Every structure is written in structure tokens, then in C-alpha cells.
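Colleague: Fold the stuff below for me.
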Amino acid sequence: MAGRTFDSNAPEVISKIKGLVRFIIAGVGCGRLPTVEIDRYITYCTDSSGECHCNPDLSCGKKTLSFYNESQAQRLIIIFRVLGIVRQLLQENRHASKRDIYYMHPSLFSEQTVVDSAIKNICILLQCSRHNLNVVPAGKGLMMGWLRFTGGDRIYDCIKKPNSAYPIPVHVEEIEGLVSAAQYILVVEKETVFKRLANDKFCSKNRCIVITGRGYPDVSTRRFLKHLVENIQLPVYCLVDCDPYGIDILMTYKFGSTQMAFDARLMCVPEVYWLGVLPSDQRRYSLPDRCLLPLSPEDKMKAEAMLQRCYLRKRTPLWRLELEKMLHDGVKCEIEALSATSFTFLSDEYIPGKIQREGYI
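Modeller: Here you go, the predicted model:
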């Protein structure tokens, strides 16, 4: 990928890489095979007392990789091979995706998840984020609404056509000159709902910004949302399916993902409110029985596991009550169930009504 100009941390990261390599070489030179310790991070624990002190910024232990263990040695070999690629990217001021890196040595890496794991471990070892490695995510998020800014070589002017979809940029470091006349940010789980709102000209009628990560949000979508909140300081409402997976997506935006706990501070948005669809909305809005689906065994297992997360008890007890209600009732529904009586009910009544009446939690 072509080089860019905004990476000011490259010399520091390169220095850290050199220091790590020197440590390994020094160990080999002394006749011993060194071990590498990698910090562990978590976004939550399962302490039911609610008295825990979880902090994703702090290590909660270490895992040790040793060249004396064959499987661990293979992981270390892969980590250092990826480190070599990262060093080259930084020195040449170039960028690559994780998929680009995989295809540089597919026989060694065997599958994409191996590269993903190596990059995660490298970020922890070097105490930096993935964008500091010049490894760019494959952006999948979309946005529309009252927003204008420059990003890289293009201008994002969503204000001219506020109901049109624009791709979310993968580099928030490039964003300049943010201008917005929006009153709030709405995050929706699914692209189908995003398109429904676009067809209903929701942003024109409600003066807002709408974002979707098209399911579980990617890194670019989460960092972009956090950047917006920090710079234009608008309330954020999230609309997800009323099922355990929708609620898990909601929690990913607010608290961060378990897979990237070490980077949570750069991507989580604590200001997110749960707009809907709440389990209590099923009765409040008289959703017809035909729109309610029974929770599957997998749904129940996931919901029960989510109830054990400490942050639900400590920080969002009302979310926990809604999740308990879902389990008690044994049913779920999709956002689209709100259109059972009218195609425009979601955009004309449900979303604006809940925001006006503060029907969010």
C-alpha cells in the first residue's frame, strides 16, 4: 500500500522492535533460549459481588512463550516474522492490511487467525495500537448525516446528501476540520436498518449522524465513533436487535471487545445509551406474537454468560435487568419487528419518540 504522512510514532515503535530483537539475540549469544512474557488484559471479570477492580488499562497477569516448547517456539517464530514485516512497513512509511501480511508467508502462517494473533501480541509487547504498526483494518462501516470533514485525499461532505451512505475512513488520524450541525449520533446494528432509515430520509428530518458497523463493529468504526464523540460531544444512542448477540454488539461499543482488551481505551465509548430494542419494549409497543421468536439454547447460554460480566452489575444495572427479563420471557425479536404495523414506524415514531421521552437506558 502507498505510504502516508501522519505516522509520527514510527521512530519510537522501530526502536522498541530493535530492543526486543536485541534481547533475543543477546540470550542466544549467551547460550540460552530466552522466553518472552506477554501481558494479559481483560475488559471484565465474572466476580458476582460487584466489588472487583477490573481495569483494561492494567495487566491482569502474563503468559510466557518459550523457545524450549515446540508449539510456543512456533508462535514466537511467527511473531518475529511479522515483526520484521512491520519494521519494514514503518521504515518505508507504507501500510498493509492483515490479509496482505498473511499472503507474504502463507505456508508459515497457515491461516489468517495466526497473523491476527501475532499482531495482537506484538501490540501488547510494544505497548502500542495496531495503527502504530502501519497495519490498517479493512473498513466495513457506513455513515450518513450532518457531518463534514477531510480525510486523507478526499473530503467527506455528508451534509450535502445527508441520507446517502459514505464509507467510514480507516484512519481517524487523518481526520481534520470536523463540522457538524447534528443533535445526536445514532448507531444501528445492521445495514438493512441503516438503509431503511436512509430511504425514510431520517437524517434530513432529525438532524443527526447515523453509523453502522454492519454487525459486530470493526476497528475503524469503533475508533471513528470515539473520535466523533470526543470532538463534537454529542449523545450517542444505539439500536440493536433484542437478542443476546445484539446486546453483545451494544456492549462492544460501550465497553470494548474481549479480543482487543489491551486497546479498549482507544475504542470504547462509555457515553453510549441503549435506545432499543429493549425486552421491555415488546409489551410497551404491543409487538405481535408472530414477531417474537423463542430463544435458542445457544441464545440462553450466551445471555447467562453475559449476565456474569462485572460491568453490567457495576456500571449498567438497568441493562442487566433487561437481559434478565429477556431470559425470563424466553423470547427475542429483531429491529424490523417494529415495522409490523407500519414501514415508517421505526423512523417516524419509535426512534424520535424514545429520544424525546428519554426512553433509553
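
Colleague: going forward, measure contacts and count neighbours with C-alpha atoms only.
Modeller: Fine.

Colleague: ok, now which ones touch Val219?
Modeller: Contact partners of Val219, counting by Cα atoms under 8 Å, 6 or more residues apart in numbering, are Pro137, Gly139, Met267.

Colleague: from those residues, which is closest to Thr341?
Modeller: Thr341 lies nearest to Gly139 out of the contacts of Val219, by Cα to Cα, at 35.0 Å.

Colleague: Make sure Pro167 is actually in contact with Met143.
Modeller: Yes. Pro167 is within contact range of Met143, at 6.4 Å (criterion: Cα atoms under 8 Å).

Colleague: okay, those two: which has more neighbours?
Modeller: Neighbours per residue (other Cα atoms under 10 Å) separate Pro167 from Met143, with Met143 holding more: 24 against 15.

Colleague: That one and Tyr350, how far apart?
Modeller: 20 Å (Cα to Cα, to the nearest Å).

Colleague: What of Val269?
Modeller: 24 Å.

Colleague: Ok, Val21 next?
Modeller: 57 Å.

Colleague: neighbour count winner among those two?
Modeller: Per other Cα under 10 Å, whichever of Val21 and Tyr350 has more neighbours is Tyr350, with 18 against 14.

Colleague: Name the SS class of that one, please.
Modeller: helix (DSSP: H, G, I helix; E, B strand; the rest coil).

Colleague: ok, it - contacts?
Modeller: No contacts exist for Tyr350 under Cα under 8 Å, 6+ apart.

Colleague: again with the one 3 residues further on
Modeller: Gly353 makes contacts with Gly359, as judged by Cα under 8 Å, 6+ apart.

Colleague: average model confidence for the helix or strand hosting it?
Modeller: Following DSSP states H and E, the helix or strand that holds Gly353 is helix 351-356. Averaging pLDDT along helix 351-356 gives 94.

Colleague: for the contacts of Val219, which one is nearest Thr43?
Modeller: For these, the nearest to Thr43 is Met267 (12.0 Å; Cα to Cα).

Colleague: For that closest one, list the residues it contacts.
Modeller: With Cα under 8 Å, 6+ apart, Met267 has these contacts: Val219, Arg222, Arg223, Lys226, Tyr253, Gly256.

Colleague: same question, Leu293
Modeller: Contacts of Leu293 by Cα under 8 Å, 6+ apart are Val331, Lys332, Cys333.
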